[in-house]
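# Fold the following and give me the result.
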Amino acid sequence: MNFVQNIQPISYLKTNTSDVVKQVQETRQPVMITVNGKVQAVIQDPLSYQKMQDQLTMLRILAHGQKQIEKGEVTDHEDLFARFDAEDKES
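The predicted structure is shown next:
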């Protein structure tokens, strides 16, 4: 990903909004918007945004699982399947 090509000043966004949106939709690459030379916003297509949110959710789940492992809050697979079998028999 070439971030340099995807950095635009806010003045460019103001005068070329439809072009920026079209670029984002076609390339699925975010465009960074600068104000006074500093990146202040990022424009991203909705599918890429959703994918990123899903990936962050998965990373949070994995981090939580890692913490449980470190604390010893784990269940042996045989115990887990035995619990599932017991629940099935109750149903």
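# Now do the longest helix seen in the chain: which elements does it pack against?
The single longest helix within the chain, with elements called by DSSP state H, is helix 46-71. Here helix 46-71 touches no other helix or strand, going by 3 or more C-beta pairs under 8 Å, 6 or more residues apart in numbering; DSSP states H and E. In short, each C-beta sits where N, CA and C put it, glycine included.
# so for that helix, what's the average pLDDT?
The pLDDT scores in helix 46-71 average 96.
# Name the residues of that helix that come out as buried.
Neighbour counts over helix 46-71 (16 or more other C-beta atoms under 10 Å) mark no residue as buried.
# And the contacts of whichever helix or strand comes after it?
Going down the chain from helix 46-71, the next helix or strand is helix 77-90, by DSSP states H and E. With C-beta atoms under 8 Å, 6 or more residues apart in numbering as the test, helix 77-90 has contacts from residue 75.
# pLDDT averaged over helix 77-90 - what is it?
pLDDT averaged over helix 77-90 gives 90.
# Off-centre distance for it?
34 Å (C-alpha atoms, centre = their mean, to the nearest Å).
# how about stretch 9-25: buried residues?
Buried-residue list, stretch 9-25, by 16+ other C-beta under 10 Å: 13, 20, 23-24.
# ok now stretch 42-55, how far from the chain's centre?
Counting by C-alpha atoms, centre = their mean, stretch 42-55 comes out at 6 Å from the chain centroid.
# got it, and stretch 59-70?
Distance of stretch 59-70 from its chain centroid, counting by C-alpha atoms, centre = their mean, is 17 Å.
# hang on, the earlier thing: would JSON lines of the buried residues of stretch 9-25 with pLDDT and distance to residue 31 be doable?
Below are these laid out as JSON lines (pLDDT from 0 to 100; distance: C-beta to C-beta, whole Å):
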{"residue": "13", "pLDDT": "96", "distance to residue 31": "8"}
{"residue": "20", "pLDDT": "96", "distance to residue 31": "6"}
{"residue": "23", "pLDDT": "95", "distance to residue 31": "7"}
{"residue": "24", "pLDDT": "96", "distance to residue 31": "6"}
